[in-house]
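Visitor: no sequence on this one, just coordinates:
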Ligand SMILES: Nc1ncnc2c1ncn2[C@@H]1O[C@H](COP(=O)(O)OP(=O)(O)OP(=O)(O)O)[C@@H](O)[C@H]1O
Ligand SMILES: Nc1nc2c(ncn2[C@@H]2O[C@H](COP(=O)(O)O)[C@@H](O)[C@H]2O)c(=O)[nH]1
């Protein structure tokens, strides 16, 4: 039987740079994990592409998928649903490939309940004023939404202790390296490696 892949969960407050760092990770060489594209009911931003950035759905469609048990997790964030389709994650892990989720904190905690053996990484800003500058600088949200996201950010940062690792996103290439190093180390954990040896011993 193929060894199940590792579930990698990256969270952190809105605007910290999760998307930027995740894209940079996937652009670097030597990755062996797949990105799970999320579903959302929020409006598509300029430049976003259906099926690449998100699967954009109506609230009705999203609620049907929840009712059908087709979401690994979902959360309501700043007035919209966001969630992880279950089938892709399960199929990919079953094929022995690692899966990378980039999701907010409520959803990450739901995933952690279901998959405590995943690796949970919290991306932090150097400080809160830099966080606000990044959200403002991105130019995608109105001031009322920015204030809402900053309030949520404070409560999200309070949840950091539930994660396995905290990575500061001061500079993107440094954050990328820190995250790749964590994933590499997770693969060397004895509780993951030992299964291979138990299997070999059984086959002797
Ligand atoms: N290390 C960094 N230094 C300076 N600016 C950064 C850094 N990382 C990301 N940014 C910028 O911060 C802004 C927010 O980044 P990004 O959209 O990736 O955040 P996010 O955490 O994915 O946000 P959300 O959760 O709202 O989707 C972008 O304009 C991005 O270019
Ligand atoms: N619980 C989940 N949160 C998700 C998912 N996909 C993205 N997100 C997070 O939502 C906020 C807002 O995103 P934005 O694109 O509107 O800026 C951010 O923290 C994302 O990481 C998901 O599948 N589940």
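Guide: Happy to help now that I have it. Remember, predicted model here, so these are calculated numbers, not experimental data. Ligands and ions are numbered 1, 2, ... in the order given.

Visitor: tell me which element residue 183 is part of?
Guide: Using DSSP states H and E, the element containing residue 183 is helix 172-187.

Visitor: average pLDDT for stretch 28-39, rounded please.
Guide: Across stretch 28-39, the average pLDDT comes to 90.

Visitor: what about it, how long is it end to end?
Guide: 25 Å (C-alpha to C-alpha, to the nearest Å).

Visitor: that one and ligand 1, are they touching?
Guide: No - for stretch 28-39, no contact with ligand 1 is found by C-beta under 6 Å from any ligand atom; the gap never falls below 10.1 Å. The C-beta positions use only the backbone N, C-alpha and C, and glycine is treated the same way.

Visitor: please begin residue numbering at 42 from this point
Guide: Right, with 42 as the first residue, what we last looked at is stretch 69-80.

Visitor: ok, then the element right after the helix holding residue 224?
Guide: Next along from helix 213-228, by DSSP H and E: helix 231-244.

Visitor: the helix holding residue 224 packs against which elements?
Guide: strand 48-52, helix 59-68, strand 160-165, strand 206-209 (3 or more C-beta pairs under 8 Å, 6 or more residues apart in numbering; DSSP states H and E).

Visitor: for the following helix or strand past the third one, buried residues please.
Guide: Pointing back at strand 160-165 there. Note on strand 160-165: by DSSP H and E, the next helix or strand toward the C-terminus is helix 169-179. The neighbour-count check on helix 169-179 (16 or more other C-beta atoms under 10 Å) flags 172, 173, 175, 176 as buried.

Visitor: just stretch 57-64 next, same as before
Guide: 57, 58, 59, 61, 62, 63.

Visitor: next: stretch 63-78.
Guide: 63, 66, 74, 75, 76, 77, 78.

Visitor: near ligand 2 at all, it?
Guide: No - between stretch 63-78 and ligand 2, judged by C-beta under 6 Å from any ligand atom, nothing touches; the nearest distance is 7.6 Å.

Visitor: other residues contacting that stretch?
Guide: 46-47, 49, 51, 92-96, 125-126, 129-130, 133, 138-143, 213-214, 217, 220-221, 224 (C-beta atoms under 8 Å, 6 or more residues apart in numbering).

Visitor: just want the residue of the chain that's nearest ligand 2.
Guide: Relative to ligand 2, the nearest point of the chain is residue 148 (2.2 Å; C-beta to the nearest ligand atom).

Visitor: measure that residue to residue 226 for me?
Guide: 24 Å (C-beta to C-beta, to the nearest Å).

Visitor: quick one, which of these two is more surrounded?
Guide: Between residue 148 and residue 226, counting by other C-beta atoms under 10 Å, residue 148 is the more crowded of the two (23 against 11).

Visitor: would you mind measuring from the more buried one to residue 125?
Guide: For residue 148 relative to residue 125 (C-beta to C-beta), the value is 7 Å.

Visitor: cool, and residue 231?
Guide: 29 Å.

Visitor: which one's more surrounded, the two?
Guide: Using other C-beta under 10 Å, the more surrounded residue of residue 231 and residue 125 is residue 125, with 24 against 7.

Visitor: so the more buried one is in which element?
Guide: Per DSSP H and E: strand 121-126 holds residue 125.
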